[in-house]
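Enquirer: structure of the sequence below:
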Amino acid sequence: MLIDEVHVNVKAGDGGNGFVHMFHDRHRPHGGPDGGNGGDGGSIYFEAVSDISRLNQFRHSKDFKAESGQNGMANQKTGKKGEDLILLVPIGTVVNYDNGTSVEMIEVGQKVMIAKGGKGGLGNHHFRSATNQQPTESTPGQQRPLRALFLQLKLIAQVGLIGLPNTGKTSLLNELTAANAKVANYAFTTLEPNLGAMKGGSIIADIPGLIEGASSGKGLGVQFLKHIERTKLLIHCLSCESDNLPSDYKVVRQELTNYSSTLASKPELVILTKTDLISPKEVEKLTAKLHTDLAVSIIDAQSITSLNRLISQKLSQL
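Expert: Numbers count the residues shown, from 1 in each chain. Prediction:
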């Protein structure tokens, strides 16, 4: 199960307290102040990786805390700094803070400080001066607040395969890329997005089938519409098995419009799928009627090659 939305709580480490201590030994019975500063608290970082399932780690564990800094010590020793905490998240993750701001993880290896560790407090050695030779003051370490975050995964792919359920999107993904996604002849086989890379390196996302009312939460709802917001090109799949292809096309287009005008305005290729189920004459008739860009079948290698070429040409123009 792909987790693509999750709420988590993070807390950077608190700073250690400054220390009050007066040095003395048999040679200097009235030695001066030597209390050290507290160590800084550890910070929390998110680092982007290519594994889209990484948000699954937050399914049960919701609270994360970096190590606090240690208190200062005698002999002007600064307390040890708290260890930073680095959490791996999928590329495409949007980190939404509780104050309304957000940051996006858009490149593999990108590392972002999510919560900064607290500064360590000052020991009494810091406060010594010509007029204050025996200071007894110190400061506490900086306390860090608990931050509530909302993590939302939006897949980063150049191409999005869209259409009603059971229109052959996953089969096409498997043919166009090295993906090996689950395929079966019933609606909603795809319950989570699948990704694959074409020979040229372009990433294709197979988005679970939309139904009428998806933009308002029906079926799989808006859960996966967000995954095609970043695509450059949409491939709209229409299955030859349907009795009303014009209606199928309008349903999906309307859901895109209802969800986002930006999404609805993206460049689109319309293809007729599963053409092996009808006669060549019927394919020709439907292609002309629907003004599709291409007719394909996964058992027709030439049609898949043509689709691959068409996608590459279209992307090069964007």
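
Enquirer: centroid residue for the protein?
Expert: T93 (1.8 Å; C-alpha atoms, centre = their mean).

Enquirer: for the residue lying closest to that one once chain neighbours are set aside, list the residues it contacts.
Expert: On the basis of C-beta to C-beta, 6 or more residues apart in numbering, the spatially nearest residue to T93 that is not a chain neighbour turns out to be M105, at 4.5 Å. For every residue, glycine as well, the C-beta is placed using N, CA and C. Residues near M105 by C-beta atoms under 8 Å, 6 or more residues apart in numbering: F46, A48, V89, P90, I91, G92, T93, V94, V95, V112.

Enquirer: what's the pLDDT at the fourth one?
Expert: We have a pLDDT of 89 for P90.

Enquirer: for it, give the beta-bridge partners.
Expert: V49 (DSSP bridges).

Enquirer: next: the last one.
Expert: Judged by DSSP bridges, the bridge partners of V112 are F46.

Enquirer: need the contact list for it.
Expert: Neighbouring residues of V112 by C-beta under 8 Å, 6+ apart: Y45, F46, E47, V95, V103, M105.

Enquirer: show me which of the residues you listed is closest to N258.
Expert: Of all the contacts of V112, N258 sits closest to V95, with 26.9 Å by C-beta to C-beta.

Enquirer: of the contacts of V112, select the buried ones using a PyMOL command.
Expert: The PyMOL command for the buried members of the contacts of V112 (criterion: 16 or more other C-beta atoms under 10 Å) is given here:
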select buried, resi 45+46+95+105
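
Enquirer: now the contacts of V112 in CSV, with pLDDT and distance to T275?
Expert: Output for the contacts of V112, formatted as CSV (pLDDT from 0 to 100; distance: C-beta to C-beta, whole Å):
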residue, pLDDT, distance to T275
Y45, 98, 50
F46, 97, 45
E47, 97, 45
V95, 96, 44
V103, 95, 45
M105, 93, 40
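
Enquirer: low-confidence bits of the stretch 1-150 of the chain, can you list those?
Expert: 1-2, 29 (pLDDT under 70).

Enquirer: for the closest residue to G200 other than its chain neighbours, which residues are in contact?
Expert: Once flanking residues are discounted, G200 sits nearest to S312: 5.7 Å by C-beta to C-beta, 6+ apart. With contact set as C-beta under 8 Å, 6+ apart, S312 has these partners: M198, G200, S202.

Enquirer: where along the chain do the strands fall?
Expert: Per DSSP state E, the chain has strands spanning 5-11, 44-49, 63-65, 85-90, 93-96, 102-104, 111-115, 146-153, 159-162, 194-197, 203-206, 233-239, 268-273, 294-295. These are given in chain order.
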